[in-house]
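Peer 1: just the structure for this:
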Amino acid sequence: MQITRETDHAINCIQFLAKNWGDISSVTEIASTTQISKSFIAKILQKLAKASLIESVQGNKGGFVMRKAPDEISLYDVVVTIQGPITLNKCVVNHWFCENRDYCSVHPVFVEINQFITKKLKDVNFAELQES
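Peer 2: Numbers count the residues shown, from 1 in each chain. Here you go, the predicted structure:
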C-alpha cells in the first residue's frame, strides 16, 4: 500500500481545518497555507465533503469547515475517502483473487499486516496530530 499524493494533500487539508477548528476557510486560504494548487485543493475538498468529513459553506464568506471534531476524524477516514479500502494485496480483501489460495502460506501474514495498518490508521485522529 502506498499513500498517494492526493491522499497526502487531503491529510494536509484536514490538518489545516483541524488547526482552525470551527472557522470557515476558503480554498484560497487553504491552498496558500498548504502550498497546493487551488484547483487540486478544490477537488480534494469536494471528495472530503462528499464523505461528510467536512462541509461546504456557500456565500460571500463561504469555504469549508470540519463537520466533525478533530478527535472524531482518523487518518483511516481520510485515506479511505481518497484512495478506497486499505489493501496490501487483493487477496486480503477477497481470497478468491488468488490462484494459490489453497496452499499460500503468505496469505495469513498479509492479512495480519493489513489489519495492523488499518488499526493504526483508525487509532490516530487529527486532534492527536495537532498535539504533536
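Peer 1: give me the buried stretch members for the lowest-mean-pLDDT helix or strand in the chain, please.
Peer 2: Least confident helix or strand, the chain: helix 90-93 with a mean of 74, by mean pLDDT, DSSP states H and E. Under the neighbour-count criterion of 16 or more other Cβ atoms under 10 Å, helix 90-93 has 91-92 buried. C-betas here are computed from N, CA, C, even on glycine.
Peer 1: quick one, strands of the chain?
Peer 2: 54-57, 63-66 (DSSP state E).
Peer 1: which one of these lies nearest to G22?
Peer 2: Nearest of the strands of the chain to G22, taken as Cβ to Cβ: strand 63-66 at 7.1 Å.
Peer 1: take the strands of the chain and lay them out in a markdown table including distance to G84 and mean pLDDT.
Peer 2: Shown next, in a markdown table, are the strands of the chain (distance: least, Cβ to Cβ, whole Å; pLDDT from 0 to 100):
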| stretch | distance to G84 | mean pLDDT |
| --- | --- | --- |
| strand 54-57 | 19 | 94 |
| strand 63-66 | 22 | 94 |
